[in-house]
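Enquirer: Below is the sequence, then the predicted model.
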Amino acid sequence: MNDSIFDKVEAKTKVKKEDIIALAKSVSGQDLNDEKNLRKLIKEVAKLAGKDVSKEKEESIIKAVKKDKVPKDFKNIL
């Protein structure tokens with residue numbers, strides 16, 4: 001990813017590029033179809049962003065990931 005994407009993410013979320021890269025490295029190679037790994041990732045992202053994720057929202061995210069309903073192109077998210 002180029003730095004402008006990181007700049008946009010940081011501007012919107014206040015999450016630093018270094019933290020995003022560290023998070024990506026920590027989940028690299030993990031099976032995100034495994035609910036345990038996915039729940040851990042959700043909690044880590046929420047913590048980085050300083051947000052609370054309700055149990056309902058966590059379940060919704062897990063269902064979306066398992067059904068492959070997560071956008072692949074991050075440019076469209078921003």
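Expert: Structure's in. What do you need? Source: prediction; values computed, not measured.
Enquirer: which helix in this structure runs the most residues?
Expert: For the chain, the helix with the greatest residue count under DSSP state H is helix 35-49.
Enquirer: how far is it from where the chain is centred?
Expert: 7 Å (C-alpha atoms, centre = their mean, to the nearest Å).
Enquirer: Now do the residue sitting nearest the centre point of the chain, the pLDDT please.
Expert: Compute the mean C-alpha point of the chain, and by C-alpha atoms, centre = their mean the closest residue is residue 45, 5.3 Å away. Turning to residue 45, the model gives it a pLDDT of 90.
Enquirer: who are the neighbours in contact with it?
Expert: residue 23 (C-beta atoms under 8 Å, 6 or more residues apart in numbering). Placement of C-beta: from N, CA and C, glycine included.
Enquirer: packing partners for the helix or strand harbouring residue 63?
Expert: Take DSSP states H and E as the rule and residue 63 turns out to sit in helix 55-66. Secondary-structure packing of helix 55-66 (3 or more C-beta pairs under 8 Å, 6 or more residues apart in numbering; DSSP states H and E): helix 35-49.
Enquirer: What is the neighbour count of residue 68?
Expert: 8 (other C-beta atoms under 10 Å).
Enquirer: circling back: and the longest helix of the chain, what's buried?
Expert: For helix 35-49, the neighbour count (16 or more other C-beta atoms under 10 Å) marks 38, 41, 42, 45, 48 as buried.
Enquirer: on that earlier part again, distance check, the residue nearest to the centre of the chain against residue 38.
Expert: Distance of residue 45 to residue 38, computed by C-beta to C-beta, to the nearest Å: 11 Å.
Enquirer: same question, residue 67
Expert: Taken as C-beta to C-beta, the span from residue 67 to residue 38 is 13 Å.
Enquirer: Residue 65 contacts residue 38, correct?
Expert: Yes: at 6.0 Å, residue 65 and residue 38 qualify as touching, with contact defined as C-beta atoms under 8 Å.
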